[in-house]
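**Q** Take this sequence and fold it.
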Amino acid sequence: MMEAGDARGADQAARAEVHELPFNRTTNAAARALLAAFVERERLGAHIRQDAALVLGELVANGIDHGRPDPQHGLEVSWQLEGDALRLSVFDGGGTTVPHVVAPDPYAPRGRGLAIVQALTTAWWFDGTGGTRVTAVLAVG
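**A** Below is the predicted model of the structure:
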């Protein structure tokens with residue numbers, strides 16, 4: 001497994017990164033820091049940095065809370081900048097539930113993560129092949 005912060009691959013032409021991170025609570029902060037560095041290098045601006053951090057943070061939290069480690073015993077986070085879109089993705093080893101937006105009670109302490117993702121992105125989806133990959137797309141242009 002790669003150490004936190006080590007990129008498995010960084011493709012300058014496609015402007016993409018893939019990181020294999022530990023499957024634990026500290027991964028969320030590490031993932032957001034890696035993404036923030038990418039957004040800075042790409043000069044996408046503070047608004048995109050904030051929205052992307054919120055979306056990625058929710059996807060990572062859901063992976064840790066509802067999934068299990070991926071085949072490398074961690075959690076994969078990735079992002080790719082394509083034209084006017086930033087695609088964020090989190091892959092875990094799968095869980096017992098299917099990612100979906102819920103309408104929680106206004107006083108519920110949790111349950112708003114994918115609603116936040118849906119509100120901030122132009123699209124999001126999941127693929128349950130070999131684990132759970134949740135992908136979200138932010139408009140950057």
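**Q** who touches the most centrally placed residue in the chain in this structure?
**A** By C-alpha atoms, centre = their mean, the chain has its centre lying nearest to L56, at 3.5 Å. L56 makes contact with A31, R32, L35, V77, W79, L88, V90 under the criterion C-beta atoms under 8 Å, 6 or more residues apart in numbering. Just so you know, the C-beta spots here come from the backbone N, C-alpha and C atoms, and that holds for glycine as well.
**Q** hey, where'd the strands end up in the protein?
**A** 7-11, 16-22, 74-82, 85-92, 123-127, 132-139 (DSSP state E).
**Q** and those as TSV, adding distance to E40, mean neighbour count and mean pLDDT?
**A** Compiled in TSV, the strands of the chain are given as follows (distance: least, C-beta to C-beta, whole Å; neighbours: other C-beta atoms under 10 Å; pLDDT from 0 to 100):
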stretch	distance to E40	mean neighbour count	mean pLDDT
strand 7-11	14	12	45
strand 16-22	13	20	98
strand 74-82	13	21	97
strand 85-92	13	23	98
strand 123-127	24	15	97
strand 132-139	16	21	98
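**Q** I'd like to know which of those strands lies nearest to V98.
**A** Nearest to V98, of all those, is strand 123-127, at 7.2 Å by C-beta to C-beta.
**Q** Give me the helices and strands touching that closest one, please.
**A** Judged by 3 or more C-beta pairs under 8 Å, 6 or more residues apart in numbering; DSSP states H and E, the packing partners of strand 123-127 are helix 113-120, strand 132-139.
**Q** so what's the residue sitting furthest away from the middle of the chain scoring on pLDDT?
**A** No residue in the chain sits farther from the centre than Y107, which is 25.9 Å out by C-alpha atoms, centre = their mean. We note a pLDDT of 87 for Y107 in this prediction.
**Q** And for R112?
**A** Per the predicted model, pLDDT is 84 at R112.
**Q** Could you count how many residues lie near the nearest residue to V60 once chain neighbours are set aside?
**A** With C-beta to C-beta, 6 or more residues apart in numbering as the criterion, V60 has its nearest non-adjacent residue at 4.7 Å, and that residue is N28. For N28, the count of nearby residues is 21 (other C-beta atoms under 10 Å).
**Q** Fine by me, we can end here.
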